[in-house]
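In: model the following, please.
(chains A, B, C and D)
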There are 2 protein chains.
Amino acid sequence: MAPKRYEHPELADVPLAKALAALSDPCRVAIVRRLLDAERELACHEFELTQSKGTVSHHFRTLREGGFILTKVSGTECLNRLRLEEFNARFPGLLDLVIAEK
Amino acid sequence: MAPKRYEHPELADVPLAKALAALSDPCRVAIVRRLLDAERELACHEFELTQSKGTVSHHFRTLREGGFILTKVSGTECLNRLRLEEFNARFPGLLDLVIAEK
DNA sequence: GGTATAGTTTGATTAACATCAAACTAAGGA
DNA sequence: TCCTTAGTTTGATGTTAATCAAACTATACC
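Out: Numbers count the residues shown, from 1 in each chain, chains lettered A, B, ... in the order given. Purely as a prediction, here's the structure:
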């Protein structure tokens, strides 16, 4: 069967409100922070989140739709990485706020 | 009777997610934008919002708790102004994103 | 094929939030 | 004192978002 495809919006099409809404949940801020620290791709299960699989999947989707991350399938897992340069160009300073946070 | 007192959080105590959640409503973004443009104190009723008084009061409270504004009583009205320097020091670039958007 | 792992999707529940109307508080002016 | 203006608070309703469990998809390995 055809492999799963993830939709990634053009950053120009992501409204500020949508990006900010994606960061309005502390859990998602933590995910972004972790990706900033790691500086490498991370699978969803590497975040050791306390919520159920379904909820975690929802948070990653929200970050994807907010333009924060790219997700690709790799074997049985899916790897996530920040759209770092692109995102900084579209929303300058926003990721820096996440870095600065605590 | 004792005059109304408004609570204003220490900006250091405002989590990023809380500030961003305050910006997740278009009405509140509009209020912040208006204050940025006005560069002076504005009473709630000067915003000519379409919602009921109660709802408007709720939005201003949310912005207060998000660290965006200071409110003080003046006669029968209450005057609002941005905590501009403070806020820029706590969340550098965030207000600039609001200015830049559209 | 059978089993395990990693995520997604769906359906239902719960928690937050936006909203309004109405009652209330506080100050100003007749 | 009475009336008006400006805003808050409360109680109720509708909507959106977070959450979980369970069923499902896709890959890897035996």
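
In: what helix or strand does the residue in chain A positioned nearest to DNA strand D sit in?
Out: Here chain A gets closest to DNA strand D at one residue, A:Gly54, 2.7 Å apart by C-beta to the nearest atom of the strand. Placement of C-beta: from N, CA and C, glycine included. Using DSSP states H and E, A:Gly54 sits within helix A:53-65.

In: and the strands in chain A?
Out: Taking DSSP state E as the test, the strands found in chain A are A:42-43, A:69-74, A:77-82.

In: export these to a markdown table and tack on mean pLDDT?
Out: Shown next, in a markdown table, are the strands of chain A (pLDDT from 0 to 100):
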| stretch | mean pLDDT |
| --- | --- |
| strand A:42-43 | 98 |
| strand A:69-74 | 96 |
| strand A:77-82 | 97 |
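
In: can I get those in CSV with mean neighbour count?
Out: Output for these, formatted as CSV (neighbours: other C-beta atoms under 10 Å in any protein chain shown):
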stretch, mean neighbour count
strand A:42-43, 17
strand A:69-74, 16
strand A:77-82, 18
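
In: residue numbers of chain A in contact with DNA strand D?
Out: Neighbours of DNA strand D within chain A, by C-beta under 7 Å from any atom of the strand: A:1-4, A:21, A:24-25, A:27, A:50-55, A:58-59, A:62, A:73, A:75-76.

In: which among the residues you listed end up buried?
Out: Among the residues of chain A next to DNA strand D, those scoring as buried are A:21, A:24-25, A:27, A:59, A:62 (criterion: 16 or more other C-beta atoms under 10 Å in any protein chain shown).

In: chain neighbours aside, what residue packs nearest to A:Arg40?
Out: Once flanking residues are discounted, A:Arg40 sits nearest to A:Arg81: 7.5 Å by C-beta to C-beta, 6 or more residues apart in numbering or on different chains.

In: helices of chain A, start to end?
Out: Assigned by DSSP state H, chain A shows helices spanning A:16-22, A:26-38, A:53-65, A:84-90, A:94-100.

In: what's the average pLDDT for the second one?
Out: This means helix A:26-38. Taken as a whole, helix A:26-38 has an average pLDDT of 97.

In: any part of that helix near DNA strand C?
Out: No - counting by C-beta under 7 Å from any atom of the strand, no contacts exist between helix A:26-38 and DNA strand C, the nearest distance being 11.1 Å.

In: return the set of buried residues in that helix.
Out: Those would be A:27-33, A:35, for helix A:26-38 by 16+ other C-beta under 10 Å.

In: pick out the most distant pair among those residues.
Out: A:Cys27 and A:Leu35 (13.2 Å; C-beta to C-beta).
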